[in-house]
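Peer 1: Give me coordinates for this.
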Amino acid sequence: FFFCCGGPLSALEGGMEFLSNLPFIGKKPEKKPEPFVIRLCEESDNAAVKAIWRRGAFAMENFDHHPWPVRFFLNLLMPLFVLWGLWAGDMASPSRYWSREGRVMLVAEERETKEVVGSISFEGASKHWGEGAAELYRLSVAERARGRGVGTMLLAEGLRTAKRFGYKRAFAVTANRVMDRMCGGFQPKPKRTAHNRGWEFEL
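Peer 2: Here you go, the predicted model:
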């Protein structure tokens, strides 16, 4: 049988090919791409970025670490803060505001749905933190995408991008306990700043 099919060598090669196609012996399956893509914010992303930021502004993790009188006061002021941000602040047009010199906004896009589910931005902050420093802003993740590593991906890519822009250090100051915990658990671990709830990242 071996000889009529081309000889022992041919049969051996056929057998090896058969084995290589078995899932538990053959080639390792190709690694699946990350479910989220981090990219620059575009004009078409503005509506999604605004919605994520607006909902996040009223999240309880922004307030529940404060005493109740402070929480009450912040809840009264938050609608005014959000309205100002959407009308005259950076959220009026995120893509335009964060594309000016020294400013960058990145968004997380779900690969399958093409939906924007998070954002992070930074700008130069030498006046507040010293020469070569950047400050991180707008680290926000849509509620439905939380718990899937989106915030950590945004933070990591934000720091890498700031480094490519020539910054030596990056600072994050957050009143959100979830984001504060995420920054504190980042590796390599950042340093606490003198500012309450602040972190310093070496780039």
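Peer 1: Which strands and helices lie in contact with the helix or strand containing D180?
Peer 2: For D180, the element it lies in under DSSP states H and E is helix 177-184. Packing contacts for helix 177-184, counted by 3 or more C-beta pairs under 8 Å, 6 or more residues apart in numbering; DSSP states H and E, involve helix 150-164, strand 198-202. Placement of C-beta: from N, CA and C, glycine included.
Peer 1: Can you tell me how far G132 is from V104?
Peer 2: Separation of G132 from V104 (C-beta to C-beta, to the nearest Å) stands at 16 Å.
Peer 1: same question, W199
Peer 2: According to C-beta to C-beta, W199 and V104 sit 19 Å apart.
Peer 1: Neighbour count: the two, which is higher?
Peer 2: Using other C-beta atoms under 10 Å as the criterion, W199 and V104 rank with W199 on top: 22 against 19.
Peer 1: centre of the chain versus the longest helix seen in the chain, how much separation?
Peer 2: Criterion DSSP state H: the longest helix present in the chain is helix 68-87. With C-alpha atoms, centre = their mean, to the nearest Å as the basis, helix 68-87 stands 25 Å off its chain's centre.
Peer 1: and for it, what are the contacting residues?
Peer 2: For helix 68-87, contacts defined as C-beta atoms under 8 Å, 6 or more residues apart in numbering pick out K50, W53, R54, A57, F58, N62, F63, D64, H66, M91, A92.
Peer 1: Same check on stretch 48-62?
Peer 2: Looking at what lies outside stretch 48-62 - C-beta under 8 Å, 6+ apart - the contacts are 41, 74, 78, 81-82, 85-86, 91, 94-95, 105, 107, 115-119, 138, 140-143, 175-178.
Peer 1: circling back to that earlier point, name the residues of the longest helix of the chain that are buried.
Peer 2: V82, G85 (16 or more other C-beta atoms under 10 Å).
Peer 1: One more: stretch 54-72?
Peer 2: For stretch 54-72, the neighbour count (16+ other C-beta under 10 Å) marks G56, A57, N62, F63 as buried.
Peer 1: The helix holding D180 relative to strand 198-202, how many degrees between them?
Peer 2: Put simply, helix 177-184 runs at 30 degrees to strand 198-202, going by axes from the mean of the first three to the mean of the last three C-alpha atoms, to 10 degrees.
Peer 1: Done for today, thanks.
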